[in-house]
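Engineer: sequence plus predicted model, see below.
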Amino acid sequence: MNNPQLDTDGRLRHLLSIEGLPKKILNQILDTAESFVGVAEREVKKVPLLRGKTVCNLFFENSTRTRTTFEIAAKRLSADVISLNVNTSSQSKGETILDTVDNLIAMHADMFVVRHNQSGAAHFIAKHVPSHIHVINAGDGRHSHPTQGLLDMFTIRKYKADLHNLRVAIVGDVLHSRVARSEIHALTTLGVPEVRVIAPKTLLPAQVDKLGVHVFHDMKAGLKDVDVVMMLRLQNERMNGAMLPSTQEYFKTYGLTQEKLSYAKPDAIVLHPGPMNRGVEIDSTVADGAQSVILPQVTYGIAVRMAVMAMLAGGSGQVQGGQA
Amino acid sequence: MTSTNIKLPNAEDLLKTLAQQLKPLLQNNTALVGIQSGGVWLMQRLLVLLAKEIAENAVEHGILDVSFYRDDYEQRGLKAENRPSQIPFEVENKHIILIDDVFYTGRTTRAAMNELFDYGRPASITLVALVNRGGRELPIAPQITTADIALDATQNLQLIQNTDGTLSLTLQSSSGKSQA
């Protein structure tokens, strides 16, 4: 089966999921992001790569952080950006997704950043658009959130030099989490030897061990000697029925406190994709503590999204003349 | 093809000549900026060859990777290996000596100048290239160069860094033959 994310030369054409992308591409995105970090520290925080291009943020589901960082990333690449909250626009009048997309293409959009509560929405749009248009998945249902997975990898790389000897634990609501899926695929593709998930049985997908992870139900055993703790948000809004006794009970067993964090290595770092439920999956002393890299994740998220957009938008054809 | 008959100069000799030519330019408020990758190799060697003058005048230095400013991005895209630019000094009002290995079309220089101006407004920029191979496509030319070698578009002149750190020039024609 051909991979819709890559063109025939193996170059990135859409970013839809981490699954199916080779290690080489993931590393290229992370290395390119490294070059974009410095851009934010200059007098002029912009480079001209996407000058004249129009990026459409198409958000069928709410988001503050992801939409804002995509918007900043596109603007720092000199693109024009339109952000649409589609649940407040034509969709509520009955327009289909593809009609919305076609209308934006008629307005000469060059790139779509798509967030949707249905898994596969970004794939669906990517299959529909003409070849010069690029699609980035900014989160689809429970399926995938590739730029979050990538920015987490970038953050880990910044604090832990070598990914090849790390022990990483992903903690919490794996069942509803597209972030967890993207993280697991990214970690295993990049060669992290030991990936653990820690969660109650009710918050784990049926065959999670098939993804190459070690499953724990107990924080003490699961966090023992890990280098990286990746917390997940408890997604109450996606839960129907009684999956948990109460959030207080959840915090007691799975909430990351300083005490539970002490089972990990002393120099372990703590990540969280946001938004945080303080006092539910993470205690404030940990979230704001010395081992937390939660705010650097947000900063690095911009550089990673710039890298993805810059890799997608360039390289459409043959160049005339010399290059030196 | 004429390429096989061209006698290439010794890059190490050219480097010494370049160092002598640069000496009078190293004054207060000057900075050296090497363009990846050949320009950076040259700059690193110059930092040693001109250590005394550089220390006396507190000359600073930095590195540019112009990938994000190239005019062929639309066609070629980003190359797989791009490295962060590092300009660890104030560009504002600085006299910049911009160092490249081979001057050809002038497009890299344009990209480098555009990038430098995003760090600040330099007092001046002086372009230095080890070799001018002819073929410029823009009204840009190096003020200092140590060799002129006229080449046609099928030929590719490159500076390479040997394992012992020394530099040499190689010429490749599009037929694939190379000559050291």
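Structural biologist: Everything's here; your move. Numbering: from 1, shown residues only, chains lettered A, B, ... in the order given.

Engineer: just give me the neighbour total for the residue of chain B found nearest chain A.
Structural biologist: For chain B and chain A, the shortest gap (C-beta to the nearest C-beta) falls at B:Gly77, measuring 2.3 Å. All C-beta atoms are positioned from the backbone trio N, CA, C, and that covers glycine. By other C-beta atoms under 10 Å in any protein chain shown, 20 other residues sit near B:Gly77.

Engineer: give me the pLDDT for it.
Structural biologist: pLDDT, B:Gly77: 90.

Engineer: wait, it sits on B:Ser67?
Structural biologist: No - counting by C-beta atoms under 8 Å, B:Gly77 stays clear of B:Ser67, with 9.9 Å between them.

Engineer: quick one: stretch A:100-111 near chain B?
Structural biologist: No - judged by C-beta under 8 Å from any C-beta of the partner chain, stretch A:100-111 and chain B are separated, with a smallest distance of 11.2 Å.

Engineer: what comes up buried for that stretch?
Structural biologist: Counting neighbours by 16 or more other C-beta atoms under 10 Å in any protein chain shown, one finds that the buried residues in stretch A:100-111 are A:Thr100, A:Val101, A:Leu104, A:Ile105, A:Ala109, A:Asp110, A:Met111.

Engineer: cool, and stretch B:42-58?
Structural biologist: Buried, per 16+ other C-beta under 10 Å, within stretch B:42-58: B:Leu42, B:Met43, B:Arg45, B:Leu46, B:Leu49, B:Leu50, B:Glu53, B:Ile54.

Engineer: closest to B:Gln36 out of the residues you listed?
Structural biologist: In terms of C-beta to C-beta, no member of those lies closer to B:Gln36 than B:Met43, at 10.4 Å.

Engineer: can you tell me the helix or strand for the closest one?
Structural biologist: If you go by DSSP states H and E, B:Met43 is part of helix B:38-49.

Engineer: also A:Val286?
Structural biologist: Secondary structure assignment for A:Val286, by DSSP H and E: helix A:284-287.

Engineer: quick one on the thing from earlier: could the buried residues of stretch A:100-111 be laid out in JSON lines, adding secondary structure, distance to A:Tyr254 and pLDDT?
Structural biologist: Formatted as JSON lines, these follow (DSSP: H, G, I helix; E, B strand; the rest coil; distance: C-beta to C-beta, whole Å; pLDDT from 0 to 100):
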{"residue": "A:Thr100", "secondary structure": "helix", "distance to A:Tyr254": "39", "pLDDT": "91"}
{"residue": "A:Val101", "secondary structure": "helix", "distance to A:Tyr254": "40", "pLDDT": "94"}
{"residue": "A:Leu104", "secondary structure": "helix", "distance to A:Tyr254": "42", "pLDDT": "95"}
{"residue": "A:Ile105", "secondary structure": "helix", "distance to A:Tyr254": "45", "pLDDT": "96"}
{"residue": "A:Ala109", "secondary structure": "coil", "distance to A:Tyr254": "42", "pLDDT": "96"}
{"residue": "A:Asp110", "secondary structure": "coil", "distance to A:Tyr254": "43", "pLDDT": "97"}
{"residue": "A:Met111", "secondary structure": "strand", "distance to A:Tyr254": "38", "pLDDT": "98"}
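
Engineer: so which pair among those residues is furthest apart in space?
Structural biologist: A:Thr100 and A:Asp110 (16.1 Å).

Engineer: nearest to chain B: which residue in chain A?
Structural biologist: Closest point on chain A to chain B, by C-beta to the nearest C-beta, is A:Gly315, at 2.3 Å.

Engineer: and the residue nearest the centre of chain A?
Structural biologist: A:Gln148 (1.5 Å; C-alpha atoms, centre = their mean).

Engineer: ok, residue 53 - contacts?
Structural biologist: Looking at chain A here, since you left the chain open. Taking C-beta atoms under 8 Å, 6 or more residues apart in numbering or on different chains, we find A:Lys53 in contact with A:Ala79, A:Asp80, A:Asp110, A:Met111, A:Ala313.

Engineer: try chain B instead
Structural biologist: Counted by C-beta under 8 Å, 6+ apart, B:Glu53 has contacts B:Lys23, B:Leu26, B:Val59.

Engineer: of all the contacts of A:Lys53, which two lie farthest apart?
Structural biologist: Maximum distance among those (C-beta to C-beta): 12.7 Å, for A:Asp80 and A:Ala313.

Engineer: of the two, which one has the most company?
Structural biologist: Shown here are A:Asp80 and A:Ala313; by other C-beta under 10 Å, A:Ala313 has more neighbours (23 against 15).

Engineer: from what I can see the more buried one touches A:Leu49, true?
Structural biologist: Yes - contact status for A:Ala313 versus A:Leu49: in contact at 6.9 Å, counting by C-beta under 8 Å.

Engineer: any shared contact partners between the two?
Structural biologist: A:Leu77.

Engineer: which parts of the stretch 1-150 of chain A are strands?
Structural biologist: A:54-59, A:80-85, A:111-116, A:134-140 (DSSP state E, counting those that start in this stretch).

Engineer: worst mean pLDDT among those strands?
Structural biologist: Taking the mean pLDDT of these, strand A:80-85 comes last: a mean of 92.

Engineer: buried residues in stretch B:143-155, which are they?
Structural biologist: B:Ile144, B:Thr145, B:Thr146, B:Ala147, B:Ile149, B:Leu151, B:Gln155.

Engineer: which residues does that stretch contact?
Structural biologist: So stretch B:143-155 is contacted by A:322, B:1-3, B:6, B:8-9, B:14-15, B:17-18, B:21-22, B:103, B:126-135, B:157, B:171-175 (C-beta under 8 Å, 6+ apart).

Engineer: now do the contacts for the residue nearest to A:Val293 when sequence neighbours are not counted.
Structural biologist: Excluding the flanking residues, the one nearest A:Val293 by C-beta to C-beta, 6 or more residues apart in numbering or on different chains is A:Ile269, at 4.9 Å. If you count contacts by C-beta under 8 Å, 6+ apart, A:Ile269 has them with A:Thr155, A:Ile156, A:Tyr159, A:Lys160, A:Asp227, A:Val228, A:Val229, A:Gln291, A:Ser292, A:Val293.

Engineer: got a winner among the residues you listed for most neighbours?
Structural biologist: Top of the contacts of A:Ile269 by neighbour count (other C-beta under 10 Å): A:Val229, with 29 neighbours.

Engineer: next, give phi and psi for it.
Structural biologist: Backbone torsions of A:Val229, given as degrees, to the nearest 10, read phi -110, psi 120.

Engineer: surely it is in contact with A:Leu261?
Structural biologist: Yes - using C-beta under 8 Å, A:Val229 is in contact with A:Leu261, at 6.9 Å.

Engineer: name the residues contacting each of those two.
Structural biologist: A:Leu223, A:Ala268, A:Val270.

Engineer: of the residues you listed, which belong to strands?
Structural biologist: Among the shared contacts of A:Val229 and A:Leu261, the residues falling in strands (DSSP state E) are A:Val270.

Engineer: let's have the shared contacts of A:Val229 and A:Leu261 in CSV, adding distance to chain B, neighbour count and pLDDT.
Structural biologist: Listed next are the shared contacts of A:Val229 and A:Leu261 as CSV, based on distance: C-beta to the nearest C-beta, whole Å; neighbours: other C-beta atoms under 10 Å in any protein chain shown; pLDDT from 0 to 100:
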residue, distance to chain B, neighbour count, pLDDT
A:Leu223, 34, 23, 98
A:Ala268, 27, 21, 98
A:Val270, 27, 21, 98
